[in-house]
Structures are given as structure tokens and as C-alpha cells.
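I'd like to go over a predicted model; first the sequence, then the structure.
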Protein chains: 2
Amino acid sequence: MINTMNKLNLANGCIEMVHGSGGRAMQRLIEELFLAAFDNPILRELSDQASFDLPAGRVVMATDSHVISPLFFNGGDIGSLSIHGTINDVVMSGAQPYYLSAGFILEEGFALSKLKKIVDSMAAAARDAGVPIVTGDTKVVEKGKGDGVFINTTGVGVVTSDIELSAKKIRPGCSVLLSGSIGDHGVAILSQRENLSFETTLCSDSQPLHRLVRAMIEQVPDIVAMRDPTRGGLATTLNEMAAQSGTGIIIDEKAIPIKAPVKAACEFLGLDPLYVANEGKLVAFCPPEKAERLLEVMQSQPEGKEAAIIGEVGEDRNHFVQMKTLFGGHRMVDWLTGEQLPRIC
Amino acid sequence: MINTMNKLNLANGCIEMVHGSGGRAMQRLIEELFLAAFDNPILRELSDQASFDLPAGRVVMATDSHVISPLFFNGGDIGSLSIHGTINDVVMSGAQPYYLSAGFILEEGFALSKLKKIVDSMAAAARDAGVPIVTGDTKVVEKGKGDGVFINTTGVGVVTSDIELSAKKIRPGCSVLLSGSIGDHGVAILSQRENLSFETTLCSDSQPLHRLVRAMIEQVPDIVAMRDPTRGGLATTLNEMAAQSGTGIIIDEKAIPIKAPVKAACEFLGLDPLYVANEGKLVAFCPPEKAERLLEVMQSQPEGKEAAIIGEVGEDRNHFVQMKTLFGGHRMVDWLTGEQLPRIC
């Protein structure tokens, strides 16, 4: 339908203000770049909304705007991260993720070749997870009013079983499980941002967790709550959950998996790994008698093979999170109060 | 739960990088600003996702990122606009809107008092439309990497009847109806941006259209397609619909409602009102024998009281949109090719 004379110059072109105008140039950007990468029957309708059927069940919706800097990093880019981040927020409720929307805020002058790389990476991540991008939006802001590209993704999923996960259901006695090593994402981003090179290449753990979660809730439906410890790290997530459940949490330092290079980088950078962001990990709470079985199920999945039981829930009217240290003492694990790593997701 | 010693300084405070950290400062921003304004039982869970039941039917999802400049304008602000824009995209499918998500990208240094004004305006618009904001996300970027505030909203709705609106169903002979005057939003923004003062205050038409649409589909279920002519204006929307349906469209200049001050401002600014953005109007297509009845229904609603039948669909293998001019001639109404008004929504 569209005149093909002035095709997008994906090799050397840049985003111009006209790409956000609603007119022919925007149409071309949508068709030649977004639709070409994300192609699926719902998106192809090119309506201002997507329309689909969902299985019966409780509907779940999660949204995340991504402003990570740098846009490309070891283990991913803003495109793949924007898919994984939102899928993970949806699945922490026990839902199966079904559909995603994508909203782009592009800065004038941003290279189309970079945008294509990001969009292709989003498309690959969405395909890999089996969750198509079915509707979208593109806006352009003047040079100096944005930072290359910001991406909002919103996801919908459905909880088809009668499982209802909630931090409010966490009770004293519950076991706390963690699906794998902490700090990988934040340390990878920071070392790249600061142009640091360590002996080992640090790599983000950005990955979708829907397969792991599905196995967990199918095999151990007694799970009471799950959450992914992203910004603010494990410490912040545990504090949120202690506060929301009105309990206290005690974790065991020696049980928490941390990769040696991540530990070394944290020491070098003066970071506490408990506060460093993750993008492919979860914490789960379950009754203590189910903990071993849940651990087994988690370890049987690729995304949970380093899973560990890291602590337990106790009574604490202050809702504190505490850690048994390697030296046998106890240390308070407070909320993140300062700002550790800006624009980490 | 949260220490209340360092409450947000809503009168004189500013957004700082720490408000995006995931830690205590972000928690405080969420609780004291967002939750206080949007409060509802689903959001109050403070999970990373919202969870709700929807009635049986086809689910509809629409997303819009808002980057309008200026943030405050006659007839609204970025907050109310972000609610109206997404609700309207959802309802153009014939759906009843149910829930919204909101993703904020805040620039370091942005005044909390302005943010509060915007958030209160969003909350009022959402309440007025009966569509709660049930989940959200907040990111902060450094000064000079954003522009005050960008807001993504994503909405879900449900089509409970067996109505299925689609541009592909538009056939030659269909009547084209418009719900009211064109150009109000774009001209209001531009005159404010350029610091122009006209004799009459120009006011955006930003408004939600769900009540109008509900009346239309209940009374005239034969409607075949609807769309809201936002960026790119009426001309661009009609071109999209002609292309997607494989038809041509002929509109009648004298039938198109334009307010006199908008017309005058367009002449002064050198704008063609057919290409100027609207934020509270829709075009609808229906079989010709239903047009008078549909017009009556539209005019009976506050959002459609100036509705008019503005043209009809014909056969045209080039999918052109043409206009019978006031002088009796015909003029091509092409796609918007240049960029008329940047950051209009």
C-alpha cells in the first residue's frame, strides 16, 4: 500500500522527528522495521489495538519501562531485557504469559541500524518465549530530550489453576528459595559502563522465567509467593516481602549462590551483591515440608539449576530481614536507602 | 511499614536519581504519590503485577507512550491525555475498557509539585472514566536524558458482544461519520507552544469516548469500523482505512465540523486542519441505510453532539481519499508526508 520509493535506510539512516508524526514516514518505520521483525497475525491488522481470546482464568497484567544504559551489554540489550523483564513480572503471579505490547520513545538522530538490532533482539526474545508482541506505539522526541531509545513493554497472562500467590500468604516457618546466583546483571552493566575489564567476562543473567515457574507451580502448587529480585536486588525484594507479609526473614550467607567473578567485582566496586540487580532470578516461599521437593524441581530446569534454599521466615514485628554471616554472626539486611546503580533496567 | 521521617517534599522537592533505584526512596514515591492518588484494591497489593477477573469475551489491548510538550495545556495535561488516549484506542474496537497500567519515565530535577499535579489529573481522568490504574512502573533518567515526564499507559478491555469491528470490513457504499469538530487538540497545543494568543482561547478536545462508543454499538451494531483520528489528523486516519479496506473515500468539505477559531488559527499558522491531531473524536463507518440512525445516536451523547455524516466509501483501486471542496471541485487528500506537529501526544 505504501509507496516504496523512499524505503528506510536501515544501514545509515537515523530517526527523524517525522518518524513520530503519524504520517507516511511513521507508517514506513512501523511496516519495514517493527512489523517485519515482530510479524504475527494480530499485529498485522495494524489497528490501534490488539484483539485476542484468552483462556478462562484470572488475568494478570504487568508493565515495565526500560531505560537501561548502555543499550547493549554482555548477555543482552535493552530489547531482550524489555521482553524478559515484563514476562518475569507476569509469571511471578503463577500466570502463563500470552501477549505483549511495546511502546518506543525514540530520540531524534538515533541510528536506525542500532534500532534494528534492538528490535530484532526483542523479536527473537519474544519468539523464544512464545509470547508475541501484538500492539505497539512509537513516539519521537528531539535530540537531547531522550537517550537513544526507551522501551515500555506491558504483558498479559492468565492464571488458569486456582493457585493464588501473594506475599500476604507468607507465614513464619516458610522456606525461602532462590533460583540461582545473584548480582550478575548489575555487575555486568556497571563494569561495562565504567569500562572496567575483569579477568572473566561478566554476563547479565537476563532470561525469561516462565518455563521454570510453570514447572514449579505444576509440581509444587503449595508455593505461597514468588518475586524476581531486580532493581534493589535480593535485599530489597526480601524486605518488601517481609513488610507485606508482616513477618521477618532470616537468610544464610553461605547458602546464597554468588559467582566468584561477581563477588570479586563487587569487592572491587564497593558493592554489596545483596543490593545488585538481577534479571533472570526469582525467590520463592513455600511451606518447609515442601522445600526439598521444590528445590529438586527448580534444579531440574535450566533456569534453576543453581537453586538453593537460602533461609526461612520467622516472626518479627519489625519485619526485619537478617543474615547469618559466614562468621556465625547476624547482620541486618536493610532496605536499599541510597542509590546503588542508576538505569540498571 | 515505611519509615516516615523523610517524607516526600511535594511542595518543593524534585525527582532525584534515587527515586528510580528500587529502594526505599522509590517505595516512598510510589506510596505517597502514586498509590495515594490512584488508590484501588488491586494496586494496593503492591505486587509487580495486577491480577483481576474479566468478563467472558474477546480481550483488547492498546498501548500509548505520551511525550506531549508542553506538559500542561488548555483542556488537559499529559496525565489526563495519557488516560483518554489509551481508553480511546481500546474502545475503538467496540470494547468496554476495564484496567490500565501506567509507566513513568521521570527526568532528574523534575518538580514533585508538577508531578503531583499530573498524577492527580490522571487519577481524576481514570476515576471519571471508571477505569482504574492497577499496576505501574517508575524509572528515572539523568537531567538532560528525558524531558520532565513521559507516560506510557496500556489498557485492557473486553468485547462482550459478537461485534467485530475492522477496517477490512469497510465496503463501497458505507457512510463515513465524524463525532465532532476537528483540529482542536493540535491547534491548542501549537498556539500554546508558540506563545500565540488568539481572541478565543483554543482548547484541546481531550476526552474519553467509551460512553459514546457504548451507545453507538448498542444502538447500531451494524457499525463496521471506528478509529480515532489522533496524530496525522482525519486525513491520515482516512487514508489508513482506505488502504486497509482496499476502497476509496470521498468526504465533503462543507460537512466537516471545524470551530471558527480553530479554522482561523490554522489559516494563521499555515496548517491544514485535516492533518491536525484530535484527542476526543472518532470516525465511524456503517452501511448507508444505518447512517441516519447512527448519527442520531451519536448526537444524543455529549461527546458526539456535533457529529456529522461527512462522506462515503467508493471503489478505488488506488485507495485514494478525496474531498469535494466548498467550491464544488475535488481535491486529493494524501497521507501526511512531512511532519506537521511534533510531540502532539
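Nice, I can see it. Residues are numbered from 1 along each chain as shown, chains lettered A, B, ... in the order given.

What segments of chain A are helices?
A:24-29, A:36-38, A:78-91, A:112-129, A:184-193, A:210-219, A:233-245, A:260-269, A:291-299 (DSSP state H).

Run through who's touching the first one.
Residues from elsewhere that reach helix A:24-29, judged by CB atoms under 8 Å, 6 or more residues apart in numbering or on different chains: A:2-3, A:6-8, A:16, A:18-20, A:138, B:231-232, B:240, B:335-337, B:339. Heads up, the C-betas are built off the backbone N, CA and C, glycines and all.

mind redoing it with 6 Å?
For helix A:24-29, the surrounding residues in contact (CB atoms under 6 Å, 6 or more residues apart in numbering or on different chains) are A:2, A:8, A:18, A:19, B:335, B:337.

Could you do the fifth one as well?
Contacts to helix A:184-193, defined as CB under 6 Å, 6+ apart, come from residues A:73-75, A:202-205, A:262, A:265, A:276-279, A:341, A:344.

where's the dip in pLDDT among those residues?
pLDDT across the contacts of helix A:184-193 is lowest for residue A:341, at 84.

Check the residue nearest to it when sequence neighbours are not counted and give its pLDDT.
In space, and not counting its chain neighbours, residue A:341 is closest to residue A:186: 5.3 Å by CB to CB, 6 or more residues apart in numbering or on different chains. Note for residue A:186: predicted pLDDT of 95.

Pull the contacting residues for residue A:203.
Residue A:203 is in contact with A:74, A:75, A:188, counting by CB under 6 Å, 6+ apart.

mind listing what the second one touches?
Under the criterion of CB under 6 Å, 6+ apart, the contact list for residue A:75 reads A:188, A:203, A:204, A:206.

which one of those is nearest residue B:257?
Ranked by distance to residue B:257 (CB to CB), the contacts of residue A:75 are led by residue A:206 at 51.0 Å.

wouldn't that closest one be in contact with residue A:78 here?
No. With contact defined as CB atoms under 6 Å, residue A:206 does not reach residue A:78; the gap is 10.2 Å.

how about the contacts of residue A:75 in a markdown table, adding distance to residue B:258?
As requested, these are arranged in a markdown table below (distance: CB to CB, whole Å):
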| residue | distance to residue B:258 |
| --- | --- |
| A:188 | 56 |
| A:203 | 58 |
| A:204 | 53 |
| A:206 | 51 |
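
Which of the residues you listed fall in strands?
Residues of the contacts of residue A:75 located in strands (DSSP state E): none.

burial count for residue A:332?
Residue A:332 has 9 neighbouring residues, counting by other CB atoms under 10 Å in any protein chain shown.

Let me know the pLDDT of it.
On the pLDDT scale, residue A:332 is placed at 96.

residues contacting it?
residue A:322.

just to revisit the earlier point, where's the residue nearest to residue A:341 relative to residue A:202, distance?
10 Å (CB to CB, to the nearest Å).

Have a look at these two and say which one is more surrounded.
residue A:186 (31 against 25).

Would you mind measuring from that one to residue A:278?
7 Å.

Could I get the phi/psi values of residue A:327?
phi -90, psi 10 (degrees, to the nearest 10).

interface residues of the stretch 201-345 of chain A facing chain B?
Selection of the stretch 201-345 of chain A residues close to chain B by CB under 6 Å from any CB of the partner chain yields A:231, A:232, A:236, A:243, A:335, A:336, A:337, A:339, A:342.

which non-adjacent residue is nearest the third one?
Excluding the flanking residues, the one nearest residue A:236 by CB to CB, 6+ apart is residue A:336, at 4.9 Å.

Can you verify my assumption that the one you found contacts residue A:275?
Yes. Counting by CB under 6 Å, residue A:275 is a contact partner of residue A:336 at 5.1 Å.

give me the low-pLDDT residue ranges for the stretch 101-250 of chain A?
A:199 (pLDDT under 70).

quick one, what contacts the residue nearest the centre of chain A?
Nearest residue to the geometric centre of chain A (CA atoms, centre = their mean): residue A:85, 2.3 Å. Contacts here follow CB under 6 Å, 6+ apart; on that basis residue A:85 touches residue A:64.

try 10 Å
A:62-66, A:68, A:78, A:151, A:153, A:155, A:206, A:208, A:228, A:230, A:279-280, A:345, B:48, B:137 (CB atoms under 10 Å, 6 or more residues apart in numbering or on different chains).

now residue A:287
Residue A:287 neighbours (CB under 10 Å, 6+ apart): A:171, A:173, A:174, A:175, A:220, A:222, A:223, A:224, A:294.

hmm, back to that, how much space separates the residue nearest to residue A:236 from residue A:230?
Using CB to CB, residue A:336 is found at 12 Å from residue A:230.

if I look at residue A:186 and residue A:202, which residues touch both of them?
Residues touching both residue A:186 and residue A:202 (CB under 10 Å, 6+ apart): A:262, A:265.

the more surrounded of residue A:336 and residue A:275?
The neighbour comparison of residue A:336 against residue A:275 (other CB under 10 Å) goes to residue A:275, with 28 against 25.

Local confidence estimate at the more buried one?
Looking at residue A:275, its pLDDT is 96.

what residues are shared contacts of residue A:336 and residue A:230?
Shared contacts of residue A:336 and residue A:230 (CB under 10 Å, 6+ apart): A:236, B:22.

if we can go back for a sec, filter the contacts of helix A:24-29 down to the buried ones, PyMOL style.
Listed next is the PyMOL selection for buried residues among the contacts of helix A:24-29, using 16 or more other CB atoms under 10 Å in any protein chain shown:
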select buried, (chain A and resi 8+18+19) or (chain B and resi 335)
